[in-house]
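Predicted model follows, preceded by the sequence.
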2 protein chains.
Amino acid sequence: MTATPLRTAVVIGCGTTGTSVALALTGAGIDVALIDDDPRATAEAVALGAGTPWTPGRPPADLVVVATPPSAVVDTLYSAQSRGLGEVYTDTAGTKDVVADDAELRGCDLKGYVPGHPLAGPDASGRAAADAGRFTGRPWVLCPYETTPGWALETVSALIELCGAQRLDLTPEVHDRLVAELSHAPHVVAAALSSRFSDSSSAFLGLAEAALGDAVRTAGGDPWLWGDVLAHNAGPVADVLDRIAGQLARASAILREGDASAPLELALTLEEGRRGQTALRRAGGPGTTRDARAGGRV
Amino acid sequence: MTATPLRTAVVIGCGTTGTSVALALTGAGIDVALIDDDPRATAEAVALGAGTPWTPGRPPADLVVVATPPSAVVDTLYSAQSRGLGEVYTDTAGTKDVVADDAELRGCDLKGYVPGHPLAGPDASGRAAADAGRFTGRPWVLCPYETTPGWALETVSALIELCGAQRLDLTPEVHDRLVAELSHAPHVVAAALSSRFSDSSSAFLGLAEAALGDAVRTAGGDPWLWGDVLAHNAGPVADVLDRIAGQLARASAILREGDASAPLELALTLEEGRRGQTALRRAGGPGTTRDARAGGRV
């Protein structure tokens, strides 16, 4: 079998990620059919110009993108393959280890499936945030099986290229540790920080500086989607949360002991945080643009 | 004694806050003299147009602003009062309970001293961030003693008005609980989150989304100043840190147990975080402007 040119696609799941992928593909001249359990979601994506509703009888598409929450990926994939919706399949779920293993256990056709994850969300909630440029310049992780054939990888690579993203091949384990550190655990931390404010008066909250709003902005994401993502990356996320909880408990103990050395001990801890913040800022090339845009929107 | 018209001021401490206060006063036509242990700091503030170096023999100023870290406020105040530098004194330290008590214990002249704290920093480090508009539209907390006379309050109120800020009278205890929740504990959380990245490769950190940079931005503040601030607000900060550490540990336990109900349990926790984030966003009137500016700068 030779490389499939990417001319037709099916996108299953019209949330932020699915609709953004569909918008990017349609914008690149690909014929995109859309599927969602919720007909309103499909209609909204169609209204945005993301494609047309999928109809029975269509010939198999060159590529099927499964853009559901992690827990729905494998069943959706199995069903789509059984119905012959396409030649090559990928997904966009934020966790890869459990998904890739379950696809194998469930008996999916692994030759035609490349697990994937575009590293561009969900940092905004709701379909209104769908955007054809969402993936531009961002990494798009693929976790191919050892047996994944070249033609399947080429089709998914064409998707990544059309979305303006950069392909990055990782093992599922490395991917999951990475997103636990950079995204999943920070999301739980932001939620813990902001949960206190759910019953606070606006007079009290009005005293907060903008930095606090920045710190907890990610906590605005969809709790059900995030609960699903976290549960699918349980071990790596729990490891990071335990470490951070330990750091906070140690800082608290230093404060409660109240030794004369407390300011120094705290400063040493904070200095490590400052070095980390500096390293992150220096590494954040593509982040800078999104940062500026986010600032302008809020 | 009648209200002192505010025509002359001394600012002691040419860090971000002190220089910003001096810039605002000088811009309003007040004659400002500057003092800092570090002659370079004074020279930099003078170069920014914040005032002129204080020289011996000046008549007592209408107002002396002590803009040092919390641990230096009381000694600085005592010394300034002993030397007769001014008629009325205030400070800008980020904690008030220990400072207000220590000023009494040390024997400072409480009739001429009003403990204060402009809620506008330190969210940026270094004197380069000094800005005459730093306090515009922001709350400026005063914690007067029961015995504070009206003429002292009127002079400090004039300072707040010239800085474009809004006076908010609180007890030192309420102030300290408030800043522990809204600023001090969130700073420690940001530092804990980012400390992991101090030895990370830029290739790894380049995969982070902009939301992570936003979440840890405050960790870029001066560790020594923050260590001092935290140690002066130990109990309230430790209470918040313990609560957040407990929330993270519970989320971790849910993940490790791996029950089928984990996504639901996590979603309920995250939902509370989302409600808090929404409440904070809605309350954040003045923050919005600073948000947009911060976004544009980063």
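Received it, and whenever you're ready, just let me know what you need.

Show me the contact partners of stretch A:171-187.
The contact list for stretch A:171-187, computed with Cβ atoms under 8 Å, 6 or more residues apart in numbering or on different chains, reads A:94-97, A:99-101, A:115, A:117, A:119, A:141, A:143, A:170, A:218-219, A:221, A:226, A:229-230, A:233, A:236-237, A:239-241, A:244, B:193, B:196, B:204-205, B:207-209, B:211-212, B:215, B:270. For glycine as for every other residue, the C-beta is placed from the backbone atoms N, C-alpha and C.

do stretch A:235-248 as well
Against stretch A:235-248 from outside (Cβ under 8 Å, 6+ apart): A:176-177, A:179-181, A:184-185, A:188-189, A:230, A:269, B:188-189, B:192-193, B:195-196, B:241-242, B:244-246, B:248-249, B:251-252, B:255-256.

cool, and stretch A:262-281?
Contacts for stretch A:262-281 (Cβ under 8 Å, 6+ apart): A:247, A:250-251, A:254-255, A:259, B:71, B:187-188, B:190-198, B:200, B:202, B:205, B:208, B:212-213, B:216-217, B:219-221, B:223-224, B:226-228, B:230-231, B:234, B:298.

now swap in stretch A:144-157 and tell me
A:1-4, A:6, A:62-63, A:87-88, A:90, A:100, A:104, A:110-116, A:142, A:167, A:169.

can you pull out the helices in the stretch 151-298 of chain A?
Along the stretch 151-298 of chain A, counting by DSSP state H, counting those that start in this stretch, helices occupy A:172-179, A:185-195, A:202-205, A:210-216, A:223-231, A:234-257, A:262-283, A:285-297.

count of neighbours near A:G137?
14 (other Cβ atoms under 10 Å in any protein chain shown).

got it, and A:A203?
Look at A:A203: counted by other Cβ under 10 Å, it has 9 neighbours.

How about A:G133?
Neighbours around A:G133, by other Cβ under 10 Å: 15.

Let me see the backbone angles for the residue lying closest to it once chain neighbours are set aside.
Among residues not flanking A:G133 along the chain, A:G164 sits closest, at 7.1 Å (Cβ to Cβ, 6 or more residues apart in numbering or on different chains). A:G164 has phi and psi values of phi 80, psi 20 when expressed as degrees, to the nearest 10.

isn't A:A215 right up against A:A190?
Yes: the pair A:A215 and A:A190 qualifies as a contact (Cβ atoms under 8 Å) at a distance of 6.7 Å.

quick one: common contacting residues for these two?
Common contacts of A:A215 and A:A190, defined by Cβ under 8 Å, 6+ apart, comprise B:A215.

tell me the contacts of the one residue in the stretch 51-200 of chain A that gets nearest to chain B?
Across the stretch 51-200 of chain A, the shortest distance to chain B (Cβ to the nearest Cβ) belongs to A:A191, at 2.7 Å. Residues near A:A191 by Cβ under 8 Å, 6+ apart: A:216, A:219, B:269-270, B:272-274, B:276-277.

So for it, what pLDDT did the model give?
pLDDT, A:A191: 97.

same deal with the one 10 residues further on?
A:S201 carries a pLDDT value of 92.

Thank you, goodbye.
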